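Peer 1: attaching a predicted model along with its sequence, questions to come.
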Amino acid sequence: MIDLRSDTVTRPTGAMRKAMAEAEVGDDVFGDDPTVNRLEALCAEISGKEAALFVPSGTMANQIAIRLHTRPGDEVLMESGAHPFNHEAGGAAVISGVQIRTIFGARGILDPAEVQAAIRPPNVHFAPPTLLCVEDTSNRGGGSVHPADRLQDLAELAHKNGLSAHLDGARAFNAGVASGIPLHERYRCYDTISFCFSKGLGAPVGSALCGPRDLIETGRRVRKMLGGGMRQAGILAAGALHALTHHIDRLDEDHQLAKSIAEGLLSLGYCVETPETNMVYVPILNAPQAAIELANSGVACIAVAPDRLRLVTHLDVRRSDLPTILTAFSRLPR
Ligand code: TLP
């Protein structure tokens, strides 16, 4: 099966497994795990922030960030396709007691004027807006990459209005490679940034939340509260370190393959946009049925809407899989 459901499906390579097996470990809840400490220091450096926290998932990174930047009763602004609004099981309401206000952005990219219009002024009737979340790349926006000046404008707008700015960078390295701009520059204006090792980078588990030292230290307590304090987590951190060392530059291969898939689908008559990173969204009638038929032809993907499929390229998909993928689509009834 060629598995295009997500870039989360990758399995650790032999070299990554070896690095994990050989990791030096300690009890990370005591702060004793040298491999986790090394990973957190590297993440802080990569993000250009003072400190970083290793967490089990992108969801936990976002939820800790929301908790750190808000108080119960606050309002959090984000694009309507954003992950915490759509795919985090209502966690922001449960963990932080906040309400989420969504704003539509073309291709998942917010327009500062629309954000400004959505920021409620101080008024006894209103939930005070205290946080803006931005997602780069935007998953439901098609893996779109924010222009660097847009990232900056959005964060500055948040700050000007007294809001904090959090960047959900589950696929920040895809954005970094596609734009050629390193993360510490792209996300300089953001108070916190999260990124995932378990997506395109190909590690089995883990994400990082990066930001100011005092905030990240408080985040360490929130992580514990959520049950995310891990013990000999160096085994997992070693996978992440291996990914950061060996799997960033190769993301361009995933982006090129996604482009080739899109071009192939275009030539079959599908109306697809050219992907900027590793996701191809395919408008199609009866997407759930199409996904079943594609799976019967050896290609797994997800129907993200009744009329839309998502194909995601990653470390475990090869260019030599392209003909099988296109043949599977050519067999679908049109
Ligand atoms: N996204 C997953 C699903 O949950 C939809 C996927 O297959 O794309 N932020 C963004 C932008 C994400 O796309 C995801 C995962 C997360 C956060 C959460 O990461 P995990 O799965 O590690 O909790």
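Peer 2: Received the coordinates, thanks.
Peer 1: okay, now the domains of the protein?
Peer 2: As assigned by automatic domain parsing, the chain contains the domains 7-246, 250-330.
Peer 1: turn those into JSON lines, including mean neighbour count, mean pLDDT and distance to the ligand.
Peer 2: Where C-beta positions appear, they are placed from N, C-alpha and C, glycine not excepted. Listed next are the domains of the chain as JSON lines, based on neighbours: other C-beta atoms under 10 Å; pLDDT from 0 to 100; distance: least, C-beta to the nearest ligand atom, whole Å:
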{"stretch": "domain 7-246", "mean neighbour count": "20", "mean pLDDT": "98", "distance to the ligand": "3"}
{"stretch": "domain 250-330", "mean neighbour count": "18", "mean pLDDT": "98", "distance to the ligand": "7"}
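Peer 1: which one of those lies closest to Met1?
Peer 2: Comparing those against Met1 with C-beta to C-beta, the closest turns out to be domain 250-330 (5.4 Å).
Peer 1: and the strands in the stretch 51-200 of the chain, which stretches?
Peer 2: For the stretch 51-200 of the chain, applying DSSP state E, counting those that start in this stretch gives strands covering 51-55, 75-79, 99-103, 129-135, 164-169, 192-196.
Peer 1: closest to Gly90 out of those?
Peer 2: Evaluated over the strands of the stretch 51-200 of the chain, closeness to Gly90 peaks at strand 99-103, with 9.3 Å, by C-beta to C-beta.
Peer 1: partners of the closest one, with directions?
Peer 2: In the sheet, strand 99-103 lines up against strand 75-79 (parallel) (DSSP bridges).
Peer 1: give me the residues contacting the partner strand.
Peer 2: Outside of strand 75-79, the residues that reach it under the criterion C-beta atoms under 8 Å, 6 or more residues apart in numbering are 66, 70, 84-85, 92, 98-105, 108-110, 115, 118-120, 126-135, 138, 141, 163.
Peer 1: nearest to Thr218, out of the strands of the stretch 51-200 of the chain?
Peer 2: Of all the strands of the stretch 51-200 of the chain, strand 51-55 sits nearest to Thr218, with 9.9 Å by C-beta to C-beta.
Peer 1: hang on, Asp254 packs against Leu311?
Peer 2: No: counting by C-beta atoms under 8 Å, no contact exists between Asp254 and Leu311, whose distance comes to 11.3 Å.
Peer 1: does the residue nearest to Gly26 when sequence neighbours are not counted count as helix, strand or coil?
Peer 2: The spatially closest residue to Gly26, leaving aside those adjacent along the chain, is Asp32, at 3.3 Å (C-beta to C-beta, 6 or more residues apart in numbering). When the structure is reduced to helix, strand and coil (DSSP: H, G, I helix; E, B strand; the rest coil), Asp32 reads as coil.
Peer 1: and Ile235, by the same measure?
Peer 2: What three-state DSSP gives for Ile235 is helix.
Peer 1: having no further points to raise, I will conclude here.
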